[in-house]
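*Asks:* Just need the structure, nothing else, for what follows:
(4 chains)
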4 protein chains.
Amino acid sequence: MTAHSRPARAADSRPARPVMLGQNQYGKAENRVVKITRDGDTHHIKDLNVSVSLSGDLEEVHLSGSNAHCLPTDTTKNTVYAFAKEYGIESAEQFGIHLARHFVTSQEPIHRARIRIEEYAWERIATSDANSRFIGADEVQHSFVRKGQETRLTEITYDGERWQVISGLKDLVVMNSTNSEFWGYIKDKYTTLKEAYDRILATEVSGRWRFNWTDDEQRMPNWERSYEQVKKHMLQAFAETYSLSLQQTLYQMGSRVINNRSEIDEIRFSLPNKHHFLVDLEPFGLKNDTAEGAVYYAADRPYGLIEATVLRDGVEPEIPVDLTNL
Amino acid sequence: MTAHSRPARAADSRPARPVMLGQNQYGKAENRVVKITRDGDTHHIKDLNVSVSLSGDLEEVHLSGSNAHCLPTDTTKNTVYAFAKEYGIESAEQFGIHLARHFVTSQEPIHRARIRIEEYAWERIATSDANSRFIGADEVQHSFVRKGQETRLTEITYDGERWQVISGLKDLVVMNSTNSEFWGYIKDKYTTLKEAYDRILATEVSGRWRFNWTDDEQRMPNWERSYEQVKKHMLQAFAETYSLSLQQTLYQMGSRVINNRSEIDEIRFSLPNKHHFLVDLEPFGLKNDTAEGAVYYAADRPYGLIEATVLRDGVEPEIPVDLTNL
Amino acid sequence: MTAHSRPARAADSRPARPVMLGQNQYGKAENRVVKITRDGDTHHIKDLNVSVSLSGDLEEVHLSGSNAHCLPTDTTKNTVYAFAKEYGIESAEQFGIHLARHFVTSQEPIHRARIRIEEYAWERIATSDANSRFIGADEVQHSFVRKGQETRLTEITYDGERWQVISGLKDLVVMNSTNSEFWGYIKDKYTTLKEAYDRILATEVSGRWRFNWTDDEQRMPNWERSYEQVKKHMLQAFAETYSLSLQQTLYQMGSRVINNRSEIDEIRFSLPNKHHFLVDLEPFGLKNDTAEGAVYYAADRPYGLIEATVLRDGVEPEIPVDLTNL
Amino acid sequence: MTAHSRPARAADSRPARPVMLGQNQYGKAENRVVKITRDGDTHHIKDLNVSVSLSGDLEEVHLSGSNAHCLPTDTTKNTVYAFAKEYGIESAEQFGIHLARHFVTSQEPIHRARIRIEEYAWERIATSDANSRFIGADEVQHSFVRKGQETRLTEITYDGERWQVISGLKDLVVMNSTNSEFWGYIKDKYTTLKEAYDRILATEVSGRWRFNWTDDEQRMPNWERSYEQVKKHMLQAFAETYSLSLQQTLYQMGSRVINNRSEIDEIRFSLPNKHHFLVDLEPFGLKNDTAEGAVYYAADRPYGLIEATVLRDGVEPEIPVDLTNL
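*Replies:* Predicted structure coming up:
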């Protein structure tokens, strides 16, 4: 291809009046990569959605449109797929670390790489003895059904020296059908809410937790085991807390994780209070008592939204405060 | 409340030129009802989204706006919640049958009721021995996490004489990582597709199946067990079929259900072919062989869409043909 | 590529017990095609989402997996893009007719083609006099912003002899802030609704209308003009009807279209009653009178759902009854 | 209501090991409020989605579950509706300022209030002369259709002393069908992208801009006019920029706003590069030249994602860097 020059009509992008470029980043978002690993007839699956975001010496691409320092987003996409083949996907975190290190160390203008990954879990389909004759095999080991429960998340940030790993999950809907109260709150001119001594507490957990692994010299956590354990502790704390407020439950969930997982220093939750209102059935001559098993209306909007960070003592918070797009 | 008369400004709705009213129906859609049942400290949950649709002698409400034959949609909503308390929710099907019978038998102008229900499944949160001291109880039996896999569906239609029950599911994503081929197809001027001898086969199952229970005199199926069995047979047929086309897999799934479940006469699937394309890694000096475990790009759109009905021999089809909103 | 034979492990798909294949169809769904037309420096845009669905002599692909009669869905995708270039996109309807005719007439096993199309509207970005010096041109004619109001729809079905064209729209949200009442309805045991003499009436219009053009011998309608006119009549009828029920408004919208557009014989609406509830502000010492301009809570779920067909006298209905995925 | 005491089973929430509570906030999210204003027969509409988030002296609600400092989220909801009636909704920003001031000044434990608002625009339905006889009025002035283009946003933060107002928009889809190139970029081992000299540039604008109004002593901007002007300048800069990269276009959009709107000091964009790929039609004997009007495939994922802040010289950035939920 012959050399191409800037068109005469191209804008002179340097504005007359003083305007500055601030923080900027770019990359290819939502690369959907599925990696199958075969161990004889037994297959394994990793199903990821990978987003790449690069920062660095990129002022000119904004000011003059010169792409001399710009690694195309298309190239970052290709790298994701090539690395999945070349290095495999041991875990979302490990894969993100590979990618982030590559972009920062291989391209001089790139000073920081951030890799965000969503992971979707699958489980095996149990096959039938009776029907195994159809396939002439003892057991099918290449058939999967998507679990569909939570979405696992991770975000890897690397500036050439320090690693920041924030993992998490979203879309995990939980409910306690009792052991939740809400009373003793401020009553002002606009308060009409009645106190509740036995209510449903339900939320859709969105959580992010930060690892204290920041340096290649440190021993790396077992990312897969850590995830399973954090999820387990969060769920158990939710179940086992007799709750006087969703804030209290949130704090229990967070402190349970910090206390049980030494690799994690900070955790933040964004918990919508998914309201389940007792339906008033008195007009129809029916009592709707919680003690006897009640009927609830599950409301969509509005919803309470409770957000907080829980940290190991003495640690500086780093997880961004606003996890929602509200 | 005093009598209210039609406003002078109200339109004379009877058009000058001949226009007819055709099929019509109305009701309250998407009533979110959650019913907790308590068996001592052990709680159970039913989580439904119920839509009511009524037809009958309703010409005047369209032509003149007279609501004399109109049971308000708000009343149908109240009935859903009251029935959940009064009769409980044994299964989505049983609950829909209660509701449909009520509307048709209690309101003279209502000649047909259709109840559509979505059901969301929950599973118990396993609690910890170590933490049970927090709550002073052996085991928490009121804490749940939403399974999040498929959405269960049912549609009950009753005209005062005959029942039609069509149950189903949606959002069930499945994948075979091998044992799928596609070749030997028509090649015309616009065909560029290469034949495939080892591909991923993935789909998001949307299925509806019709029961041959139509009459109060018949013995009613066990709706809960039937659902579990249909899902199991569908998944196993998907896993155990060596597939030469998604159509073939669909037919196997359908015939497996018809052959194993005598209570079901007809089943229809709408199966998007969720394409997983082998990524071309040759430009990067990498082989991407399926036999060695390959890397795929999971595409969003476009997608193949395969739809078919499978029936018991001699049966008339009743399930609507178009299950998508395309 | 050498010939490929059926694998020994492939299932014998013919079930022992009698099961039949019913209605079936297949094709590539949601092909996103954008066509730019250049008229000098003035550009025009057509932005479509095209779904192809074919039926015919396709039993073997289901029973044995033989694809000998199967035109790949990938080929149908290619055809969509090639036709967009070869014939342009005059209108969604015209484009669908081209495609449907092609599949039925060019492939012997294909007996019916159905083309569904969504169309997204764009409008030009007005450019500035003051800034035109930046580009050295009088006016930019290649810049667009998506209108984002309704989504236009059409469905073309062709069996080699007869055409059926059903066009429509969805996502068109409308509101009357007065001139709506609701009273005089049935009161049963479960009725608690208070009568309303001045309420908001709001809905999200989903409509489909069928043309009486069915034959190549007939003069074809002006599809673009017809769409604009139908939308206009629907909106005006909504605005100008003093409403005693949403059913009455629906009927006015339908009959206005039938009476004004001779090319259309049948129209069906699915109208959710998007409830706007007067907020009770009495606890705060405030009157919330509609006459003085009131505050409403816009609810999500549940919602009334009103559906009906309006037809030209003597015409047989053909539009499917259930337009929702409930 | 009689006094209620903490249940014996309630958890002692103070963990044995040292865990800290970090940033926390709570409130009612997504209060859907519609306000109709009547000016004789002419009605006006404001349609908002309001989210309240409060911070302050709230440690105890997390640690012990004591709600003594907690204004219920339900009360914040009531306040939104009451204020809409009491003060009207002049603009989203003005309304948010009213609310934020109220929560901080009326409740001692509340030290900071953040109000986030989405606003949906409506336009009048033009009614017909011919049909005006139906209503006995010259013109209907109470009928609206939702514009459906972008969603307007604002976020008001108040700590009792300083105001921060960040307004914005999302969902605004724009396209240039020419005057976009991309070449001269880095080529590494993973680069396969071909240079482009005439491509489509399309994006879905998500932008936030910060006002330099921070103090009650300053003159308040005209929020409605400011919004219209910012949107106009953004669109015009998009249309009028001959683009060598989406980054360059972004910078032009930002600097145009900063240069033209003195009330705004900082603006940040998150711009997905909505790829429109030229379809390869050569296999079908067709040329697909951009110069002659080409056919494109509009891809969903992956997409480039370009994000940057543009600021007035000397100003400190305050808009959060990550506006997406990736």
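*Asks:* which residue sits closest to the residue nearest the centre of chain A, ignoring its sequence neighbours?
*Replies:* When chain A is reduced to its mean C-alpha position, the nearest residue by Cα atoms, centre = their mean turns out to be A:Leu153, at 3.2 Å. Nearest residue to A:Leu153 in three dimensions, chain neighbours excluded: A:Gly168, at 4.3 Å (Cβ to Cβ, 6 or more residues apart in numbering or on different chains). The way it works is simple: take the backbone N, C-alpha and C, and place the C-beta from them, glycine included.
*Asks:* In terms of helices and strands, where is the one you found?
*Replies:* strand A:163-176 (DSSP states H and E).
*Asks:* ok so, going back, so who does the residue nearest to A:Leu153 touch?
*Replies:* A:152-155, A:206-209 (Cβ atoms under 8 Å, 6 or more residues apart in numbering or on different chains).
*Asks:* one more time with 6 Å, if that's ok
*Replies:* A:153, A:207-208 (Cβ atoms under 6 Å, 6 or more residues apart in numbering or on different chains).
*Asks:* what does A:Phe269 give?
*Replies:* Neighbouring residues of A:Phe269 by Cβ under 6 Å, 6+ apart: A:207, A:250.
*Asks:* 10 Å - rerun?
*Replies:* Contact analysis of A:Phe269 by Cβ atoms under 10 Å, 6 or more residues apart in numbering or on different chains lists A:168, A:203, A:205-209, A:234, A:246-247, A:249-251, A:253-254, A:257, A:306-310, A:323, D:24.
*Asks:* Distance from whichever strand or helix holds it to the middle of the chain?
*Replies:* Assigned by DSSP H and E, A:Phe269 belongs to strand A:264-273. Once both centres are worked out by Cα atoms, centre = their mean, to the nearest Å, strand A:264-273 turns out to sit 11 Å from its chain's centre.
*Asks:* that's a strand at A:Lys35, yeah?
*Replies:* Yes - counting by DSSP: H, G, I helix; E, B strand; the rest coil, A:Lys35 is part of a strand.
*Asks:* That one: how many residues sit nearby?
*Replies:* Counted by other Cβ atoms under 10 Å in any protein chain shown, the residues lying close to A:Lys35 total 19.
*Asks:* A:Gly27 is in contact with A:Leu58, isn't it?
*Replies:* No - at 11.3 Å, A:Gly27 does not count as touching A:Leu58 under the criterion of Cβ atoms under 10 Å.
*Asks:* Show me which of the two is the more surrounded one.
*Replies:* More neighbours surround A:Gly27 than the other of A:Gly27 and A:Leu58, with 28 against 23 (other Cβ under 10 Å).
*Asks:* what's the distance between that one and chain C?
*Replies:* 23 Å (Cβ to the nearest Cβ, to the nearest Å).
*Asks:* ok, now A:Leu58?
*Replies:* Distance from A:Leu58 to chain C, by Cβ to the nearest Cβ: 23 Å.
*Asks:* A:Val257 too?
*Replies:* Taken as Cβ to the nearest Cβ, the span from A:Val257 to chain C is 33 Å.
*Asks:* so that residue sits in a strand?
*Replies:* No - secondary structure of A:Val257 (three-state DSSP): helix, not part of a strand.
*Asks:* doesn't A:Leu250 make contact with it?
*Replies:* No - the pair A:Val257 / A:Leu250 is not scored as a contact, 11.2 Å apart, by Cβ under 10 Å.
*Asks:* what about the nearest residue to A:Arg312 once chain neighbours are set aside, how many neighbours?
*Replies:* Excluding its sequence neighbours, the residue lying closest to A:Arg312 (Cβ to Cβ, 6+ apart) is A:Asp265, at 4.6 Å. A:Asp265 has 22 neighbours, counted by other Cβ under 10 Å.
*Asks:* List the residues that contact A:Asp265.
*Replies:* By Cβ under 10 Å, 6+ apart, the neighbours of A:Asp265 are A:209-214, A:258, A:311-319.
*Asks:* at 7 Å what do you get?
*Replies:* Counting by Cβ atoms under 7 Å, 6 or more residues apart in numbering or on different chains, A:Asp265 makes contact with A:210, A:212, A:311-312, A:315.
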